[in-house]
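**Q** Sharing a sequence plus its predicted fold:
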2 protein chains.
Amino acid sequence: MGKAPNVKVEFSEIECIKHLKPVRDALFVFGGKWKLQIIIVLRSGNKRFNELQRTIEGISPRVLSNELKDLELNKFVKRSLISENPDIYEYEITEYSDTLKEVLMALGAWGRMHRGTLINDK
Amino acid sequence: MGKAPNVKVEFSEIECIKHLKPVRDALFVFGGKWKLQIIIVLRSGNKRFNELQRTIEGISPRVLSNELKDLELNKFVKRSLISENPDIYEYEITEYSDTLKEVLMALGAWGRMHRGTLINDK
């Protein structure tokens, strides 16, 4: 049994590591299950906390709250007070979140393609 | 204090939800911190377990092992026995992992752009 031939060498070792870092950076900032989902929902318009929670299936209030704080810190999302007594806040996406357009398009396209292959496999 | 104007409405509510599902599907399959990193490293050539662990900073053997099993299940990665006594396995990416090219490009481009803005902010 010999070493299998490397049919897929497209990057050299160094180029691979060069690509690894920016992808790590990206995943560090908006990786995980929820952040991109929140951004997608906010792209359809500003939302209150409860509206976000209703729209994003399976997210708990605690997790949503933490994710929103992270997104604010990284300048993807802005929170504004829209009325007082009781204080009501609304979340909106910033210009900076527009930089995620390509990422969202690529992920959406992949998800649609993948679901297509699952259906064809049946 | 009025309701802030919705400057970012690009999707209708329904279009937003339509986009949410494929992105959720994609994140379900290869979301998290490690899977895409493993795929990037394997794009530079077949690797043994220890080589992968050395290259991917911060991954534990247990996590790497689980991630590789998931990646095999989802047909992104193939494991082959390359020598016996002691058995040595090598991991290689499949044709199907080529479908992630656009996603990896978009994430890499975003990571580079983001690092650029952090440096400029200093």
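**A** Structure's in. What do you need? The model shown is predicted, which means the values in this text are computed figures rather than measured ones.
**Q** The strand or helix carrying residue A:54 and chain B, are they touching?
**A** For residue A:54, the host element (DSSP states H and E) is helix A:49-55. Yes: Helix A:49-55 is in contact with chain B by C-beta under 8 Å from any C-beta of the partner chain, via residue A:55. For glycine as for every other residue, the C-beta is placed from the backbone atoms N, C-alpha and C.
**Q** Report all helices and strands that that helix contacts.
**A** Using 3 or more C-beta pairs under 8 Å, 6 or more residues apart in numbering or on different chains; DSSP states H and E as the contact criterion, the secondary-structure elements in contact with helix A:49-55 are helix A:35-43, helix A:61-73, strand A:88-93.
**Q** Could you say which of the ones you listed is packed most deeply?
**A** Each of the helices and strands packed on helix A:49-55 was given a mean neighbour count from mean count of other C-beta atoms under 10 Å in any protein chain shown, and the largest, a mean of 23, is that of helix A:35-43.
**Q** can that helix be found next to chain B?
**A** Yes: using C-beta under 8 Å from any C-beta, we find that helix A:35-43 touches chain B at A:36, A:37, A:40, A:41, A:42, A:43.
**Q** Distance to residue A:29 for the residues you listed - can I get that in CSV?
**A** As requested, the residues of helix A:35-43 next to chain B are arranged in CSV below (distance: C-beta to C-beta, whole Å):
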residue, distance to residue A:29
A:36, 11
A:37, 15
A:40, 16
A:41, 18
A:42, 16
A:43, 17
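**Q** and the most centrally placed residue in chain A, what pLDDT?
**A** Note on chain A: the residue nearest the mean C-alpha position is residue A:36, at 2.0 Å, using C-alpha atoms, centre = their mean. The model reports residue A:36 with a pLDDT of 96.
**Q** can you check residue A:9 too?
**A** Taken from the predicted model, the pLDDT recorded for residue A:9 is 49.
**Q** And for residue A:12?
**A** 68.
**Q** One more: residue A:15?
**A** pLDDT recorded at residue A:15 is 73.
**Q** and if you look at the one 3 residues further on?
**A** At residue A:18 the predicted local distance difference test score is 82.
**Q** Out of the helices and strands in chain A, which is least certain?
**A** Taking mean pLDDT, DSSP states H and E as the measure, chain A has helix A:13-30 as its least confident helix or strand, at a mean of 87.
**Q** Can you give me the buried ones in that helix?
**A** Buried residues in helix A:13-30, counted by 16 or more other C-beta atoms under 10 Å in any protein chain shown: A:16, A:19, A:20, A:22, A:23, A:24, A:25, A:26, A:27, A:29, A:30.
**Q** Make JSON lines out of these and add distance to chain B.
**A** Putting the buried residues of helix A:13-30 into JSON lines (distance: C-beta to the nearest C-beta, whole Å) gives the following:
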{"residue": "A:16", "distance to chain B": "3"}
{"residue": "A:19", "distance to chain B": "5"}
{"residue": "A:20", "distance to chain B": "5"}
{"residue": "A:22", "distance to chain B": "3"}
{"residue": "A:23", "distance to chain B": "5"}
{"residue": "A:24", "distance to chain B": "7"}
{"residue": "A:25", "distance to chain B": "4"}
{"residue": "A:26", "distance to chain B": "4"}
{"residue": "A:27", "distance to chain B": "6"}
{"residue": "A:29", "distance to chain B": "6"}
{"residue": "A:30", "distance to chain B": "9"}
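**Q** measure residue A:84 to chain B for me?
**A** Counting by C-beta to the nearest C-beta, to the nearest Å, the gap from residue A:84 to chain B is 7 Å.
**Q** Look at that residue and say how many residues are nearby.
**A** Counted with other C-beta atoms under 10 Å in any protein chain shown, the neighbours of residue A:84 add up to 8.
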